[in-house]
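[1] Here is a sequence together with a model predicted from it:
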Amino acid sequence: MAIPNDDALWVSRCLQGDTSAFEVLVRRYQRVVYSVAYRLTGSREDAQDVAQNAFLRAYERLDSYDQERKFFSWMYRIAVNESLNYRRTQKPHDPIERALPIPAADDPVARLEQTERIQSALMSLSPEYRELIVLKYFSDLSYDEISHAVGIPEKTVKSRLFTARQQLEVLLAGNQGMAS
């Protein structure tokens, strides 16, 4: 008999003593948790630490998970909190890179530089705006999913995303101008 692919079922199994059931949840969400942590911390190494801590924290607090809600929203909130807490404990960093020109599509080095330029601009946004940009454009969540994940009304999500996009465009345009 096949076990349904259901997060609440895996949580229940884990709470009943099947610790291997948590591995299923880790595998299912490790990429998105790492991605969120990377976009919020700006460092691959920091993101790995934060993601690991987020899963550890989730495992320790699994009994507080409300199975009426989506596991992803709960896990996401833990990952964001771990990322923000980590950033607060770190000394301020210099910007990752200065502005870079828009690369040719067939130039992997230039594309990597562009990714770093975007990351630098993201890190210049306030944490609340950065979080929304990451969820919408890097995690591909809907406005409704973002609303549940961050605990604000959908209308507020849309309004803040609009402002965040404007700020990001200004930062990227400014960076672009500096690169020429």
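    Received, thanks. Numbering: from 1, shown residues only.

[2] could you point out which element follows the helix or strand containing residue 109?
    In the assignment (DSSP states H and E), residue 109 maps to helix 108-124. Tracing the chain past helix 108-124, the next element assigned as helix or strand by DSSP H and E is helix 127-133.

[3] If you count neighbours, what's buried in that next one?
    129, 130, 131, 132, 133 (16 or more other Cβ atoms under 10 Å). No exception for glycine: its C-beta is placed from N, CA and C like everyone else's.

[4] Now do the host helix or strand of residue 24: which elements does it pack against?
    With elements taken from DSSP H and E, the one containing residue 24 is helix 20-41. Helices and strands touching helix 20-41, by 3 or more Cβ pairs under 8 Å, 6 or more residues apart in numbering; DSSP states H and E, are helix 7-15, helix 44-60, helix 71-89, helix 127-133.

[5] Can you check which of these gets nearest to residue 26?
    helix 44-60 (5.5 Å; Cβ to Cβ).

[6] and the angle for the closest one with helix 71-89?
    Interaxial angle, helix 44-60 versus helix 71-89 (axes from the mean of the first three to the mean of the last three Cα atoms, to 10 degrees): 130 degrees.

[7] who's in contact with helix 44-60?
    For helix 44-60, the surrounding residues in contact (Cβ atoms under 8 Å, 6 or more residues apart in numbering) are 14, 22, 25-26, 30, 33-34, 37-38, 40-41, 65, 74-75, 78-79, 82-83, 86, 90.

[8] repeat for stretch 63-82
    Contacts of stretch 63-82 (Cβ under 8 Å, 6+ apart): 7-8, 11-12, 15, 25, 29, 32-33, 36-37, 40, 50-51, 53-54, 57-58, 61, 131, 135, 145, 148-151.

[9] 7 Å instead, please
    7-8, 11, 15, 25, 29, 33, 36-37, 40, 50-51, 53-54, 57-58, 131, 148-149 (Cβ atoms under 7 Å, 6 or more residues apart in numbering).

[10] out of the helices and strands packed on helix 20-41, which comes closest to residue 163?
    helix 127-133 (6.8 Å).

[11] returning to what we had before: take the helices and strands packed on helix 20-41 and lay them out in TSV including distance to residue 160 and mean pLDDT.
    As requested, the helices and strands packed on helix 20-41 are exported to TSV (distance: least, Cβ to Cβ, whole Å; pLDDT from 0 to 100):
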stretch	distance to residue 160	mean pLDDT
helix 7-15	27	92
helix 44-60	23	92
helix 71-89	14	88
helix 127-133	5	91
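
[12] Okay, domains of the protein per the record?
    With domains defined by automatic domain parsing, the chain comprises 1-91, 100-180.

[13] mind listing what's buried in stretch 110-120?
    113, 114, 116, 117, 118, 119, 120.
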